[in-house]
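Novice: Okay, sequence plus prediction incoming.
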Amino acid sequence: KFINAFFANKEEATYYFMFIILGLYLTMPLLSLLAKKEYTKQLWFVVLLYFIFNAFLPNILELLKIQLNTNLTVQLGGYAIFIILGNINPKYRILIYIGAVIGLIYRFVTTFYLSKQAGSVVKTTWGYTSWHAILLTAAVFLIIKNLNFEKIITNSKVRNFITKMSGCSFGIYLIHKIVMYYEQKIFSIDVYSWQWRTIGIFSTYIICLVIVSIIKKLPLL
C-alpha cells in the first residue's frame with residue numbers, strides 16, 4: 001500500500017510537482033542538447049507548435065464543446081515547455097505581457113460566465129499547461145528576472161530578512177496543506193469565499209513561516 005501510494009502520488013496530492021521535476025530531470029540530457037545556439041530556431045519552432053496544439057487548441061475547443069483527437073499534440077511532456085521558456089528573448093517581453101493580460105481576463109471571465117450558468121464552479125478553461133497559464137508564467141518569470149533587486153532593496157536588514165524568508169520557502173510548501181486544514185477546521189472557513197482566497201493566502205504563509213523558522217532553529221529537527 002505504501003509503494004502504491006508513493007508511485008500513484010496518493011499520499012498528498014500537493015506534492016505532484018515532485019514527479020514532474022523528476023521526469024524533467026530525466027528529459028534534461030535531450031533538452032540541454034537543443035539549448036545550443038545552432039538549434040535555437042528548431043527549439044522555438046517546437047515551442048510554437050506546442051503552444052498551438054497542446055495549450056491553445058485543446059483549451060479553446062473544450063470551451064466550444066468540440067472534441068479534439070488527443071494524438072494531434074506535440075509529443076513533449078506537458079511541463080517541459082517551461083524549461084524552454086527560460087530562454088525567452090527580451091525583445092518579445094511586451095508581447096508576452098500583453099498575452100498574459102489577455103490570458104488573465106480570459107481565464108476569469110470564462111470561469112465566471114460558465115460557473116454562473118451552471119450554478120457551480122466550472123473548470124473548463126483551467127489547467128497549468130493551458131495557453132493563458134503558460135503566458136502568465138512566462139510574464140511573471142520575465143518580470144522577476146528583469147528586476148534589479150539590489151537597487152530596489154538597499155536596506156541590508158530588509159535584504160537579510162527576505163533572504164531568511166526565502167530560506168524557509170521549501171519548508172513552507174511542505175507544511176502549508178496541514179496549516180490550511182487546521183485553519184479551515186478551527187474557523188469553519190468556506191474555501192470558496194473571497195476572504196479565504198485573499199486574506200487566507202497571507203495568514204497561511206505567515207503561520208507556516210513562523211513554524212518553519214522555529215523548526216530551523218532546533219538542531220535535531
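Specialist: Structure received.

Novice: Please, where are all the helices along the chain?
Specialist: 2-7, 16-34, 40-50, 57-63, 80-84, 93-118, 131-146, 149-152, 156-167, 169-187, 194-217 (DSSP state H).

Novice: Now render those helices as CSV, adding mean neighbour count, distance to Leu72 and mean pLDDT.
Specialist: Yep, even glycine has a C-beta here, placed from its N, CA and C like the rest. Shown next, in CSV, are the helices of the chain (neighbours: other Cβ atoms under 10 Å; distance: least, Cβ to Cβ, whole Å; pLDDT from 0 to 100):
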stretch, mean neighbour count, distance to Leu72, mean pLDDT
helix 2-7, 9, 29, 83
helix 16-34, 12, 22, 83
helix 40-50, 14, 11, 84
helix 57-63, 16, 8, 87
helix 80-84, 18, 17, 81
helix 93-118, 14, 22, 93
helix 131-146, 18, 16, 90
helix 149-152, 8, 43, 81
helix 156-167, 11, 42, 90
helix 169-187, 14, 35, 94
helix 194-217, 14, 36, 95
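
Novice: Mind putting those into JSON lines with distance to Asn71?
Specialist: Putting the helices of the chain into JSON lines (distance: least, Cβ to Cβ, whole Å) gives the following:
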{"stretch": "helix 2-7", "distance to Asn71": "26"}
{"stretch": "helix 16-34", "distance to Asn71": "20"}
{"stretch": "helix 40-50", "distance to Asn71": "14"}
{"stretch": "helix 57-63", "distance to Asn71": "12"}
{"stretch": "helix 80-84", "distance to Asn71": "18"}
{"stretch": "helix 93-118", "distance to Asn71": "26"}
{"stretch": "helix 131-146", "distance to Asn71": "20"}
{"stretch": "helix 149-152", "distance to Asn71": "45"}
{"stretch": "helix 156-167", "distance to Asn71": "43"}
{"stretch": "helix 169-187", "distance to Asn71": "35"}
{"stretch": "helix 194-217", "distance to Asn71": "37"}
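
Novice: which one of those helices lies closest to Thr70?
Specialist: Of all these, the one in closest proximity to Thr70, counting by Cβ to Cβ, is helix 57-63 (8.1 Å).

Novice: which outside residues touch that closest one?
Specialist: With contacts defined as Cβ atoms under 8 Å, 6 or more residues apart in numbering, helix 57-63 is touched by 67-68, 73, 110, 124-125, 127, 130-132.

Novice: please redo it, this time with the cut-off set to 10 Å
Specialist: The contact list for helix 57-63, computed with Cβ atoms under 10 Å, 6 or more residues apart in numbering, reads 51, 66-68, 70, 72-73, 106-107, 110, 114, 124-127, 129-133.

Novice: Leaving out sequence neighbours, find the closest residue to Gly99.
Specialist: The shortest distance from Gly99 to any non-neighbouring residue, by Cβ to Cβ, 6 or more residues apart in numbering, is to Leu135 (4.1 Å).
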